[in-house]
Every structure is written in structure tokens, then in C-alpha cells.
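*Asks:* here's my sequence, what's the structure:
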Amino acid sequence: MTGVNIFEQVFSGPEDNPETFPGFLIVYHGQKPPQPAKGFPETRLVDRRSLATAYGEATFAAIDLALENTAMPHREAVPEAAYPALFLARHTLELYLKGLIPDWGNLKGKQNAHQIDYLAGELAKRIAGSYHTDQVEILSRFLSRIHAIDPRSAAFRFPDGAERDFSQAKMAPPEAELWVNFRALRDSLRQIFDALDNIWAEAGPDGLKVKE
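*Replies:* The predicted structure follows:
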């Protein structure tokens, strides 16, 4: 590790033109932004829908990595490559659901901030009648399946994540052997992310309201 100290450059600002800076400026990290002047909207530093979209793209990149490491003739699979993709897929779904259900923290039955089963049920109620019933059922079943294999968003984050996840969620784990078709996962997620994004676009930036 000689020459230019690249490590010092990671957290340093642009030396010349900020418009060509190969990175991002993150402001008010860990802080609340200043209160806006009266009559002006509240400052929102991170757009929740754009964040979900960004995580969605990261999910597909991770799925591609996983597919590159599946078993092939004369090559063993690398199952560890599946974990980032499954974690990111699950996290992206959580971002979409929480964005669409802005009052998620006040819903009854919430046991853990990362559980998505109650979010999936609430979403189905709020979009009922606005979309085809069979499509809503397909989405609900898929989200329930994701919750069943990763109830607290920790099953694929750590080597022992699943064991701790199911114990803390007080849920029985799924079957000992769980096959996941990553091509089908990729294609399903593309449809689901697009559908959730369209629902969010139609609902507006603040998500879905409770039906009267």
C-alpha cells in the first residue's frame, strides 16, 4: 500500500469541481435537519421511494452474483453468494411496504419493527378493490412466504442469523431443505417492485391512507 493515500480520499471532499465528484454529499447524517420556515414543507433528505428503487437495483445486482455462483458442470456452487441477494430482496420489500403504509408503527399486532406479515395484510386491505383480486392474492402469498423464511430481516445477514431469527420471532423454521430458484426470484421481484412502485406513484409520496 504505497503511493497516493487512497484511504484518506474516501471521506474527503472534492478538490476542484463538485459536479464531477465521483461520489455523494451526505448531509445531516444522524441529525434532524433544521425546521423549515413557516409555510414551507418539511425538509426530507432521503426520498423513501427513490431509496426503495435504489435497493431494488442493488438486489438485482446481487441476484446476478448469486446466479454466477450456482452449481455448473465441473464447478461446485457457492451458497454463501445467495445470502446478500436474499437479504437485499427482503429489505427492499420492507422499504416499499413501510413507504406505502406510513402509519406502520402504530398498527396493532406489530411485534418487531422488521416483521412484514402485518404490513402485507395491511397493504392488501388498502388496495382491495383498486386492483385485480387474484393479483393482490399472488402478492400477499409471496410476501407471506418471504416472511416465513426471514421473519425479522436477520436470517440472511449473519452466519447464525436464521437460528436467532426464528428463536426470537418464536416461529417454527421452514423445512430443513429450502430450494430457491434465483431466476424465478429475479423475474418475480421485477414484477413486484414495479407493481409496488406504481401503487406508490398513484398513492402519492405519503403512501396509502386507511380506507374509511
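
*Asks:* and the residue nearest to the spatial centre of the chain, helix, strand or coil?
*Replies:* Among the residues of the chain, the one closest to the centroid is Thr92, at 1.4 Å (CA atoms, centre = their mean). Classification of Thr92 by DSSP: H, G, I helix; E, B strand; the rest coil places it in helix.

*Asks:* just give the closest residue to it, not the sequence neighbours.
*Replies:* Closest residue to Thr92 apart from its sequence neighbours, by CB to CB, 6 or more residues apart in numbering: Tyr55 at 4.3 Å. Yep, even glycine has a C-beta here, placed from its N, CA and C like the rest.

*Asks:* show me what the strand or helix carrying the one you found is packed against.
*Replies:* Following DSSP states H and E, one finds Tyr55 within helix 48-68. If contacts are counted by 3 or more CB pairs under 8 Å, 6 or more residues apart in numbering; DSSP states H and E, helix 48-68 sits against helix 82-100, helix 182-203.

*Asks:* could you dump the helix or strand of the chain with the lowest mean pLDDT to PDB, C-alpha only?
*Replies:* When the helices and strands of the chain are scored by mean pLDDT, DSSP states H and E, helix 161-169 comes last with a mean of 81. These are the backbone C-alpha positions of helix 161-169, laid out as PDB (Å, rounded to 0.1, in the frame of the first residue of the first chain):
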ATOM      1  CA  GLY A 161     -28.900 -15.200  11.600                       C
ATOM      2  CA  ALA A 162     -31.600 -17.700  10.800                       C
ATOM      3  CA  GLU A 163     -31.300 -19.700  14.000                       C
ATOM      4  CA  ARG A 164     -31.500 -16.500  16.100                       C
ATOM      5  CA  ASP A 165     -34.200 -15.000  13.900                       C
ATOM      6  CA  PHE A 166     -36.700 -17.800  14.300                       C
ATOM      7  CA  SER A 167     -36.000 -18.200  18.000                       C
ATOM      8  CA  GLN A 168     -36.600 -14.500  18.700                       C
ATOM      9  CA  ALA A 169     -39.700 -14.400  16.500                       C
END
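
*Asks:* next, the angle helix 82-100 makes with it.
*Replies:* Inter-element angle recorded for helix 161-169 and helix 82-100: 40 degrees (by axes from the mean of the first three to the mean of the last three CA atoms, to 10 degrees).

*Asks:* residues contacting the residue lying closest to Asp206 once chain neighbours are set aside?
*Replies:* Spatial nearest neighbour of Asp206, excluding adjacent residues (CB to CB, 6+ apart): Pro102 at 5.7 Å. By CB atoms under 8 Å, 6 or more residues apart in numbering, Pro102 lies in contact with Asp206, Gly207, Leu208.
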